[in-house]
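1. could you look at this predicted model? Sequence included:
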Amino acid sequence: MQSAAKTLSATAEATSSQSATVAAASEEASTNAQTVASATEELSASIQEITRQVLESAKVARSAVSESEVENTKGQSIDEAVTKIGEVVELIYDITSQTNLLTLDATIEAARAGEPGKRIAAVGTEVQSLADQTATATDDIGS
């Protein structure tokens, strides 16, 4: 019996020692699990922050594209307006040239008419003056 008691005592000591080892390993595993959980939370927070920044960057990019499109549209509108102004200037040049020719014809006819044609010549001179002013103003606009 004594031998059995010694064996039981040795077995109890071994079991106690192994239990302490298992408890220490369990505590270390628990600590490691907590560390992993904490790291996972930090990683999750980092992912959320990166997502927020990516969304903000996308928003800024969309805004820049939108502003660029608006500016592009304005630029196209300005180009169209300049083209139309150029067309109007050309039309005014043409009208001025025709007016000058008509004035010259009127002056010649007034000279042929003699004394009664002097009034026509005076009107022709005024029309010529207006045509010259129109040409000067058109040159200023075209410049």
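-> Looks like it arrived, so ask away. Numbering: from 1, shown residues only.
2. mind checking how far the lengthiest helix in the chain is from the chain centre?
-> If you go by DSSP state H, the chain has its longest helix at helix 2-113. The chain centre lies 13 Å from the centre of helix 2-113; the measure is C-alpha atoms, centre = their mean, to the nearest Å.
3. what's the following helix or strand after it?
-> helix 117-142 (DSSP states H and E).
4. tell me the angle of that following helix relative to helix 2-113?
-> Angle, helix 117-142 to helix 2-113, by axes from the mean of the first three to the mean of the last three C-alpha atoms, to 10 degrees: 160 degrees.
5. name the helices or strands packed onto helix 117-142?
-> On a contact count with 3 or more C-beta pairs under 8 Å, 6 or more residues apart in numbering; DSSP states H and E, helix 117-142 meets helix 2-113. Just so you know, the C-beta spots here come from the backbone N, C-alpha and C atoms, and that holds for glycine as well.
6. helices or strands next to the longest helix of the chain in the packing?
-> helix 117-142.
7. now the helix it packs on: buried residues?
-> Gly117, Ala121, Gly124, Val127, Gln128, Ala131, Thr134, Ala135, Thr138 (16 or more other C-beta atoms under 10 Å).
8. quick check, nearest of these to Ser46?
-> Thr138 (67.6 Å; C-beta to C-beta).
9. where does the closest one land on pLDDT?
-> If you check Thr138, the pLDDT there is 79.
10. what is the neighbour count of the closest residue to it other than its chain neighbours?
-> Take Thr138 and drop its neighbours on the chain: the residue closest to it by C-beta to C-beta, 6 or more residues apart in numbering is Ile92, 4.6 Å away. A count of neighbours around Ile92, defined by other C-beta atoms under 10 Å, yields 17.
11. so Ile92 makes contact with Thr134?
-> Yes: counting by C-beta atoms under 8 Å, Ile92 does reach Thr134; the two are 6.4 Å apart.
12. just the closest of the buried residues of helix 117-142 to Thr99, please.
-> Checking those one by one against Thr99 (C-beta to C-beta), the nearest turns out to be Ala131, at 4.1 Å.
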